[in-house]
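> Provided below are the primary sequence and the corresponding predicted coordinates.
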Amino acid sequence: MARQNYATLQAKINKEIEKLQKQAQALQSKSRKPVISTIIRQMKEYSITPEEITAAFGKPVRTEKPAVKTKTIKAAGPKKTVPPKYRHPESGASWTGRGKPPVWIIEAEKNGQLRQQFLI
């Protein structure tokens, strides 16, 4: 009994699949008609023959993108050492004046000293 139900259900599903496939084909042909008419109209406008289309259709289609200019990055040369600009008189620690100031400069400025006092 269950086998018969399965077979009838399978047949019903197959009929539905065929029906939907026919609908899909009809929809596709319906949507293609305006495209084809546009192509034909443009062929007439530019005097393009079907033979030219056939010949062009046989050629490989170029899908490459236009060349984009890219920036070339020069290799960085050896880094130059920067001479120190500031020196702590007691510890002898130095700082170039670039980047984040060292703790001893920050502490000195908090105590009211000027950065220019530590210039070399």
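Thanks, I have it.
> mean confidence for the longest helix seen in the chain?
When the chain is parsed with DSSP state H, its longest helix is helix 2-45. Here helix 2-45 scores 90 as its mean pLDDT.
> I'd like the next helix or strand past that helix.
helix 50-58 (DSSP states H and E).
> relative to helix 2-45, how tilted is that following helix?
120 degrees (axes from the mean of the first three to the mean of the last three C-alpha atoms, to 10 degrees).
> list the contacts of helix 50-58.
Contacts to helix 50-58, defined as C-beta atoms under 8 Å, 6 or more residues apart in numbering, come from residues Met43. (Each C-beta comes from the backbone N, C-alpha and C, glycine too.)
> helix or strand right after that helix?
Per DSSP H and E, the first helix or strand lying C-terminal to helix 50-58 is strand 86-87.
> now that following strand: average pLDDT?
For strand 86-87, the mean pLDDT works out to 90.
> what do you get for stretch 103-117?
Stretch 103-117 carries an average pLDDT of 89.
> could you check how far Asn5 is from Ala11?
11 Å (C-beta to C-beta, to the nearest Å).
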